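*Asks:* please find the sequence and the predicted model below.
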Amino acid sequence: MTARRHSRQPGEAPIDAGKSTSVAQKAAAIDAEQAHPPTWKTIVKRTLAVAVAGAAIYLVLPKLLAVLREWPRLSTLNPVWFTVALAAEIVAFIFNFALQRLALRTRGWFAVVTAGLAGNAVTNSLPGGDAAGAAVQFRMLATAGFDTDTAVGGLTTFSLLGVGGLLALPVFVLPAILAGVPVSRGLVHTALLGLAGFVLYAICGVILLRTERPLAALGRAAQRLYNWVSRGHRPPLTGLDTRLLAERDTIRTVLGEKWWQAVLLTAGRLGFDYGCLLAALRATGAEPQPSLVLLAYSAAGIIGLFPLTPGGLGIVEASLSGLLILAGTRPAYAFLATLAYRVASYWLPLLAGLPAYLLFRHRYGRPAPQRATPAADTQP
């Protein structure tokens, strides 16, 4: 029996061959990691990102805990209004994906939606995860056969339109303030800052779209700064001003061809997202003043643009709940409505990221890293 157990046919692989191969592969992977260890700059950047996120969450921790304590009270929400809030947020995401289809110049939905949800999940789960989320999204789109070089300009254009739309929202509140609607001093200051930001944003946008010298000078200054910081570690960067001007021309082309569709889709995305917040407030039993809630929504959205924490976690909850209280909402209603709104706009899309990625892999296979072209190898 012993002889039979350890005997094998001629040419047959040893019983432990699979184990030895697995061990060899792991050893090779460890050697590869040791051959290319992370640089101290990479370690410092990641440490700073985690430290900034931790500090930001610590500063807003009381408000975040006040919002999270409302989880058990979600069952007290009016089911009809909460359903309306969920439906409004779904429509807002549909408008967002329609914008991305417009940028990608495609009629298909599957790859755009799955890549968008997966990238959104990565963005909202990592400190400063915008770059990582964009990388995942574009890698998936490239696997699906899209020309991502062209898409970058289009998606950048519509992202800038979204920022401009947020800054423009206080303009629609100004008539209500002038009509004598009682507004707290804090919200008035927020409206004035938003108006000033929108004017500055519009002026800079017109200058950069109409002239070449400011953007080219900005590109050369950024190029010199990058080369000075990375001197001796990476190849020097060249031609950044030319590439910025080329991207600017792409943005102008996209806006020139589809500007009215882009404006309508941007307005629809913001409008339904705002409608989700209004419905969440009504689901708590509150009777909000729509104009003041719009002002609170725009201010919280602008604050959420700064990626201090993953998906603005803690920052958005603290700012939005506080602004809703300034808008005349009772604190208990404001915290519960903020939680309901974040469930619809943050947590549920975050949970949808993994199923979307698995569905994408089932159809297109695993997204593979894009190989750099010889021309691109000279640039960092």
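*Replies:* Right, received. Where do you want to start? Please read these numbers as outputs of a predicted model, since none were measured by experiment. Numbering: from 1, shown residues only.
*Asks:* can you tell me which helix in the chain is longest?
*Replies:* Criterion DSSP state H: the longest helix present in the chain is helix 240-284.
*Asks:* show me what that helix is packed against.
*Replies:* helix 79-104, helix 148-178, helix 185-210, helix 213-229, helix 290-304, helix 331-342 (3 or more CB pairs under 8 Å, 6 or more residues apart in numbering; DSSP states H and E). Any C-beta I mention is one placed from the backbone N, CA and C, and that applies to glycine too.
*Asks:* dump these into a markdown table; add distance to Gly312, mean neighbour count and mean pLDDT as well.
*Replies:* As requested, the helices and strands packed on helix 240-284 are exported to a markdown table (distance: least, CB to CB, whole Å; neighbours: other CB atoms under 10 Å; pLDDT from 0 to 100):
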| stretch | distance to Gly312 | mean neighbour count | mean pLDDT |
| --- | --- | --- | --- |
| helix 79-104 | 16 | 19 | 93 |
| helix 148-178 | 13 | 18 | 76 |
| helix 185-210 | 17 | 14 | 79 |
| helix 213-229 | 26 | 14 | 82 |
| helix 290-304 | 4 | 22 | 88 |
| helix 331-342 | 9 | 24 | 93 |
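*Asks:* save the ones you listed as a markdown table, and put in distance to Leu64 too.
*Replies:* Below are the helices and strands packed on helix 240-284 laid out as a markdown table (distance: least, CB to CB, whole Å):
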| stretch | distance to Leu64 |
| --- | --- |
| helix 79-104 | 21 |
| helix 148-178 | 22 |
| helix 185-210 | 20 |
| helix 213-229 | 35 |
| helix 290-304 | 14 |
| helix 331-342 | 10 |
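*Asks:* surely Ala176 meets Ala191?
*Replies:* No: applying CB atoms under 8 Å as the test, Ala176 and Ala191 come out as separate, 9.8 Å apart.
*Asks:* give me the contact list for stretch 132-145.
*Replies:* Contact with stretch 132-145 is made by 104, 111-112, 114-116, 118-124, 126, 148, 151-152, 357, 360, 364-370, as judged by CB atoms under 8 Å, 6 or more residues apart in numbering.
*Asks:* and stretch 208-220, by the same measure?
*Replies:* 207, 240-245, 248, 251-252.
*Asks:* which among those count as buried?
*Replies:* Buried members of the contacts of stretch 208-220, counted by 16 or more other CB atoms under 10 Å: 240-241, 244, 248, 251.
*Asks:* need the pLDDT of Arg248.
*Replies:* As predicted, Arg248 sits at a pLDDT of 77.
*Asks:* oh, I was asking about Glu12
*Replies:* 50.
*Asks:* tell me the confidence at Asn78?
*Replies:* Reported pLDDT for Asn78: 95.
*Asks:* now it: closest residue in space, sequence neighbours ignored.
*Replies:* Leaving aside its chain neighbours, Asn78 sits nearest to Ala283 (4.5 Å; criterion: CB to CB, 6 or more residues apart in numbering).
*Asks:* the one you found contacts Leu74, doesn't it?
*Replies:* No: at 9.4 Å, Ala283 does not count as touching Leu74 under the criterion of CB under 8 Å.
*Asks:* common neighbours of these two, please.
*Replies:* With CB under 8 Å, 6+ apart, Ala283 and Leu74 have common neighbours Ala340.
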